[in-house]
Structure formats: structure tokens, C-alpha cells
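Enquirer: could you look at this predicted model? Sequence included:
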Amino acid sequence: MELIGIVGCGGLGRDVMPIARAVAQRMRPGASAEAVFVVEYGPLGERINGHRVISSSEFEAAARQHRCAFNVAISNSAARQRIAERLLDAGAEPLALQGEPVVILDGAQLGSAALLCAYTFVGANATIGRFFHGNIYSQVEHDCRIGDYVTFGPGVRCNGNILIEDHAYVGSGALIRQGSAERPLVIGRGAVIGMGAVVLNDVPPGATVVGNPARPIRGA
């Protein structure tokens, strides 16, 4: 492995970098990697928390010649997908990252490059898609199905038998009530759940809901 890239050097990127650094340090002898920040725009040539900041084009060039891996620490899911697809096309490998401690129970399945920050919980037989972000203290309970490029803010509580479709965003401290095996509660594609919202019913695709109980924003 040549480089382990964390795309984005904002708050999440800097929080995630110690996890990437630990992965680099665990590489077997002779296969060590350097953990770097990767940016499209920003402080190129600088060091942040001891790590080089390189351009996305430089990282892509390295990936075409060497074995490189990456994760995208950007909360905007559309940008995350766009960047991930470009780096995958360049030959970089998606890298799953897990902080400590993380609990993953029996039968749970994680998609490529799932990012689980410290104290994340994944319940039995839950399924999580590609490039998921589970921020600190996130909870995905049993039998949930989480799509691709879904983002959980800190402290999200997603109870069992929930279906969350691709590109949904769940804000910090939100609570989603339990569904059932016969009728899972559904959060539609691209829906946004506001910080601290208590979701008791399905949320349509693209809708934004806030409050307790969560209701659509008027005009949204």
C-alpha cells in the first residue's frame, strides 16, 4: 500500500484521520502506507495534524501506479459519490474505517468503505450500504436496511426494522421509531431528518422533516 487517503480535511476528516493512521501503522512489514489528506480545493502542501495535504489529482495519479486506498469524509452525499466514483475509476481501493470501540453484532453486513466512528453500534442482521457515515454514538439496530451514501450525524438512534434509502441524511440526535418485519418504517431517498427530530412515520423521498413528532417543513 502506497497511500491511504482521507478526502476532506474539515472536522470529520480530522476526526477520522487517527483511524486511517492506525490502519497504516498495522500494515504488515514491507507494506507500510502513508496516511494523507486529499482535497479538491484547500491548503495544498501544508500539514494538518502532522499529515500531508495533497490534491485529488495527485492522489489519482498515485492510485494509477501504486496500490492506494481511500475514504471520503464529506457529509454531502452527492459530493461523496462523485469523488468516490472518480477515485474508484483511477484504481484506488475503497477502505472501510472503524473507530474504537465499535460494536457489530451477528449477521450484520457492511458495504464497502462504511465509516463507523467511535461508539457506533450495528445490531444483528442489519445491512449497511456503500460509503455510509455513522458519526460518533450512532446506532443502527437489528434488521435495518441502510442504503448507499447515507449519513448519520452524532448520536442518531435508528431502531429496528427501518429502511433508509440512498443519500438520506439523519441529523444529530434524531430518533427513528421501531418498524416491524411486516412493515418497516421507510425513510425515502434523499430525505433529510433534522437534528433532534423524533420520526414516527414514513418520510417521503426528498422531504425534510423536523421536530417532535417530526413533520415536513412547510414548502419543502
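Expert: Yep, it's here. Residues are numbered from 1 along each chain as shown.
Enquirer: now the residue positioned nearest the centre of the chain, nearest residue through space, not along the chain?
Expert: Geometric centre of the chain, nearest residue: His133, 1.8 Å, by Cα atoms, centre = their mean. What sits nearest to His133 in space, not counting adjacent residues and going by Cβ to Cβ, 6 or more residues apart in numbering, is Thr151, at 4.5 Å. C-beta: built from backbone N, CA, C; applies to glycine.
Enquirer: buried set for stretch 47-61?
Expert: 48, 51-54, 56, 59-60 (16 or more other Cβ atoms under 10 Å).
Enquirer: repeat for stretch 87-103
Expert: Buried-residue list, stretch 87-103, by 16+ other Cβ under 10 Å: 87, 90, 92, 94-99, 102.
Enquirer: pLDDT at the nearest residue to Ala114 once chain neighbours are set aside, what is it?
Expert: Leaving aside its sequence neighbours, Ala114 sits nearest to Phe132 (Cβ to Cβ, 6+ apart; 4.5 Å). At Phe132, the model reports a pLDDT of 98.
Enquirer: try the one 10 residues further on
Expert: Confidence per residue is given as pLDDT, and for His142 that number is 98.
Enquirer: how close does it sit to Cys68?
Expert: Distance, His142 to Cys68, using Cβ to Cβ, to the nearest Å: 36 Å.
Enquirer: who has more neighbours, the two?
Expert: Cys68 (26 against 18; other Cβ atoms under 10 Å).
Enquirer: who does the more buried one form a beta bridge with?
Expert: Leu3 (DSSP bridges).
Enquirer: so in the chain, which helix runs the longest?
Expert: Longest helix in the chain, counting residues (DSSP state H): helix 11-25.
Enquirer: and the nearest residue to Glu2 once chain neighbours are set aside, what are its phi and psi?
Expert: Residue nearest to Glu2 in three dimensions, not counting chain neighbours: His66, with 3.6 Å by Cβ to Cβ, 6+ apart. Torsion angles at His66 (phi, psi; degrees, to the nearest 10) stand at phi -140, psi 170.
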